[in-house]
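Undergrad: make a model of this:
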Amino acid sequence: MRQTIAATLALLLFGTQAHAQTSVVLSPTEDASLGYHDNFNSASTNYNSTIHYSAYAQPGAQGGINKGRGAMDFDLTGIPAGSTVLGAFLSLSAIGPFGVGDVAAIGHVGQNQSQLRRITSAWADNTVTWNTQPTTTALNDVLLDPSTYATENYLNINVTALVQDMIDDPNNSFGFMLQLVNETTSRGLAFHSSVAPDADKRPVLLVIYGDCSGEGIAEPVGEAHAFTISPNSTSPGATVRLDPDFAPNIPCTLSVIDAIGQTVLIDRVEHWPYELIVPAVAQGLYTVRLTAREGNVLGAAPLLVR
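TA: Numbers count the residues shown, from 1 in each chain. Okay, the predicted model is just below:
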């Protein structure tokens, strides 16, 4: 999942009543690259100032291997204990070339399926190294599909189960570890870190949560379709593209709805793909809904404005 959230989840979130749903948009509190270079004695070097958050393996400059992982943490203490995580989505922007070597000179490359795991021991981004990297668990880990090109963004990665584990077990939860499934040369997945010069490229975690009773969570109704919003994490005034999975050129009404159910924009869509100019709205999570002339919902998807 890179460009859209599954239609059923989008409808679930849309059906959630405002009093039972809260959304927060978080930036990393800590992140660091973990790496070593054979023949350079660098496994005890701290790399917290790097501009990339990556998982890679490439030949070393003087033989052996140069391997990297990424650690990242978000402050979830503002989410009340016992909350039900209705959805959690991590958005990562590809960095492209970030150094020297088979991977670092390109960005995403090779058979680079990777995984996000929950970190289970404490670490600090200004001291952590490859040799002192924290422990992780494979419980509810998230697989990232291989990239299709070198600068592919991975938007709205579904980390709901991982974040629920973090809320339920805060004493053993210290963020995400990004690492390759197969850590042999040459392959890598490379994203911008929290120190990216362009703020829009920095990692973002969106968490939507409610109470344990699930009060106000509606079941999806009617037949609906997925559609892609690209990019679906953007800023007011930017243009996003909508590509539906249903037959093109079905006339419909487009509504942009905020987290408390207020409609902030209504437009008429006659042709596909459709380009939407994001209205001047406050930062937060919005729902884009498509309604047919007959009144049935064709689809719904989230749009993060930041």
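Undergrad: just for the chain, where's the confidence low?
TA: Along the chain, segments meeting pLDDT under 70 span 1-20, 211-226, 246-249.
Undergrad: domains of it?
TA: Here the domain parsing of the chain from automatic domain parsing is 17-210, 227-305.
Undergrad: give me whichever of the ones you listed is most buried.
TA: domain 17-210 (a mean of 19; mean count of other CB atoms under 10 Å). (Glycine included, C-beta is placed from N, CA and C.)
Undergrad: chain center to it: distance?
TA: Centroid separation between domain 17-210 and its chain, computed with CA atoms, centre = their mean, to the nearest Å, is 10 Å.
Undergrad: where exactly do the helices run in the stretch 51-200 of the chain?
TA: For the stretch 51-200 of the chain, applying DSSP state H, counting those that start in this stretch gives helices covering 160-168.
Undergrad: what about the strands in it?
TA: 52-59, 65-73, 84-92, 114-119, 136-144, 154-158, 176-180, 187-192 (DSSP state E, counting those that start in this stretch).
Undergrad: for residue 130, which of the ones you listed is the nearest?
TA: Ranking the strands of the stretch 51-200 of the chain by proximity to residue 130 (CB to CB) places strand 65-73 first, at 7.8 Å.
Undergrad: the closest one pairs with which strands, parallel or anti?
TA: strand 30-37 (antiparallel), strand 52-59 (antiparallel), strand 176-180 (antiparallel) (DSSP bridges).
Undergrad: ok, residue 286 to residue 48 distance?
TA: Separation of residue 286 from residue 48 (CB to CB, to the nearest Å): 34 Å.
Undergrad: correction: residue 261
TA: 42 Å.
Undergrad: so residue 241 makes contact with residue 278?
TA: No: here residue 241 does not reach residue 278: they are 11.6 Å apart, not a contact under CB atoms under 8 Å.
Undergrad: residues touching residue 237, list them.
TA: By CB atoms under 8 Å, 6 or more residues apart in numbering, the contact list for residue 237 reads 277, 278, 280.
Undergrad: can you report phi and psi for residue 184?
TA: With angles defined as degrees, to the nearest 10, residue 184 sits at phi -120, psi 160.
Undergrad: what residues are up against it?
TA: Going by CB under 8 Å, 6+ apart, residue 184 touches residue 57.
Undergrad: now do residue 259
TA: By CB under 8 Å, 6+ apart, the neighbours of residue 259 are 18, 21, 22, 23, 284, 285, 286.
Undergrad: make CSV out of the residues you listed and add distance to residue 57 and secondary structure.
TA: Output for the contacts of residue 259, formatted as CSV (distance: CB to CB, whole Å; DSSP: H, G, I helix; E, B strand; the rest coil):
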residue, distance to residue 57, secondary structure
18, 46, helix
21, 41, coil
22, 40, strand
23, 36, strand
284, 39, strand
285, 36, strand
286, 39, strand
